[in-house]
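Trainee: got a predicted model here, sequence first, then my questions.
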Amino acid sequence: MNQTQQAINTLITQVEQSVIGQSHVVRSLVIGLLTQGHVLLEGLPGTAKTRSVKSLADNLHTSFGRIQFTPDLLPSDVTGTEVYQELNGKPQLYFQPGPIFNSIVLADEINRAPAKVQAALLEAMAEGTITVGDQTHTLPELFMVLATQNPVEQEGTYPLPEAQMDRFIMKVSVDYPDDEAELDIIRLVRGEESSQKQTAEKKEDKSESAVNIQLDPSVVMQARSELSQIEVSEISERYIVALVMATRKPERYNESNLSRWIEIGSSPRASISLDKCARAYAWLQGRDYVEPDDIRAMAHSVLGHRVTLSYDALADGVTQEQVINELLDHVVIG
């Protein structure tokens, strides 16, 4: 394992110290960072979705912006707007950047704002630019949108359209912690309350801050360049294609429930995303090649939100997780 891999794994460890019982969430956020993708976190309130994103930003030496999505939010509240002013007696417009012009952007409760505001993120997520008026503004090189959403069954939510969902490289489900993790959470928060009171006394104590060393963004850029060197065999490539094609042509697998459960399959973005995430997963394991198990490990996060369930599946209470399980059970490797 080289220095870059060690640094990124240290980042994961540091974030996990602040987010108890959600290791898969932390790893997914870092994989999204490495693959230049955007991640959607879905879960009930209080499951540390926002905390996970803020902890990641705190451990990176880069800018962080948070947008709290509400029903009355306007697109300009996200992107920024042109402001009128007089300079030396001459009227002019200048651009006031919005919170989207940060490296790590938390779009909190994204499905509580109407579609017009959700769409304001599309150009930023896809192109890395924002157009206001007749001017196009470039976003930072290190740019990542981490969005949280509440389950669509909750009141006051606006389901994200398929085009918007497809922009996220992964969708990660965040569940409630188990008994032991819940106990650790209580102790963690109690310890944080105690340490806050002692912060002034220990400001100059270097040992206290040693565990919170911020990672330089250049390390992330180096990690991204190394991902392109990860070997993907033809067997692994064909396995990726087979998984994605099974969502589009489920009738190929008559012995499964896929054709009854899937209404619309995944787009080509799914294949690209699965390849990127599998390479990032393998890289984090210290390998320079992708194994089929790396692809299987990322399948739920990458493919689940890109599959539209049929009426029969919804009526039977079938989840996207069950569909991907069925997919992995019936699509053979090689």
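Mentor: Yep, it's here. Numbers count the residues shown, from 1 in each chain.
Trainee: ok, Glu255 to Pro292 distance?
Mentor: Noted for Glu255: a distance of 21 Å to Pro292, by CB to CB, to the nearest Å. (Glycine included, C-beta is placed from N, CA and C.)
Trainee: okay, the two: which has more neighbours?
Mentor: Between Glu255 and Pro292, counted using other CB atoms under 10 Å, Pro292 has the larger neighbour count: 15 against 7.
Trainee: name the nearest residue to the more buried one, ignoring sequence neighbours.
Mentor: Ile333 (4.8 Å; CB to CB, 6 or more residues apart in numbering).
Trainee: and for Asp216?
Mentor: His61 (5.4 Å).
Trainee: so the closest residue to Val332 other than its chain neighbours, which state does it fall into?
Mentor: For Val332, ignoring the flanking residues on the chain, the nearest one in space by CB to CB, 6+ apart is Ala242 at 7.6 Å. Reducing the assignment at Ala242 to three states with DSSP: H, G, I helix; E, B strand; the rest coil gives helix.
Trainee: check for me that Gly21 belongs to a strand.
Mentor: No. Counting by three-state DSSP, Gly21 is not part of a strand but coil.
Trainee: quick check: it touching Ala181?
Mentor: Yes. The pair Gly21 / Ala181 is scored as a contact, 3.0 Å apart, by CB atoms under 8 Å.
Trainee: these two: which has the busier surroundings?
Mentor: Gly21 (20 against 14).
Trainee: now do the same end-to-end measure for stretch 39-51.
Mentor: 14 Å (CA to CA, to the nearest Å).
Trainee: can you tell me which residues contact His137?
Mentor: By CB atoms under 8 Å, 6 or more residues apart in numbering, the contact set of His137 is 80, 95, 97, 101, 129-131.
Trainee: before we move on, what about Met165?
Mentor: 40, 171, 305-306.
Trainee: mind telling me what element it is part of?
Mentor: helix 162-166 (DSSP states H and E).
Trainee: partner strands of the helix or strand following that helix and their direction?
Mentor: Next helix or strand after helix 162-166 toward the C-terminus (DSSP H and E): strand 170-174. Paired neighbours of strand 170-174 in the sheet (DSSP bridges): strand 39-43 (parallel).
Trainee: so for the partner strand, mean pLDDT?
Mentor: Per-residue pLDDT values over strand 39-43 give a mean of 89.
Trainee: what of stretch 251-268?
Mentor: 91.
Trainee: what does stretch 252-269 rub up against?
Mentor: Stretch 252-269 has contacts (CB under 8 Å, 6+ apart) with 162, 166, 244-251, 303, 306-313, 318, 322-323, 326-327, 329-331.
Trainee: the contacts of His137 into JSON lines, with extra columns for neighbour count and distance to Glu234?
Mentor: Formatted as JSON lines, the contacts of His137 follow (neighbours: other CB atoms under 10 Å; distance: CB to CB, whole Å):
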{"residue": "Gly80", "neighbour count": "18", "distance to Glu234": "46"}
{"residue": "Phe95", "neighbour count": "16", "distance to Glu234": "48"}
{"residue": "Pro97", "neighbour count": "15", "distance to Glu234": "45"}
{"residue": "Phe101", "neighbour count": "20", "distance to Glu234": "42"}
{"residue": "Thr129", "neighbour count": "11", "distance to Glu234": "36"}
{"residue": "Ile130", "neighbour count": "22", "distance to Glu234": "40"}
{"residue": "Thr131", "neighbour count": "12", "distance to Glu234": "41"}
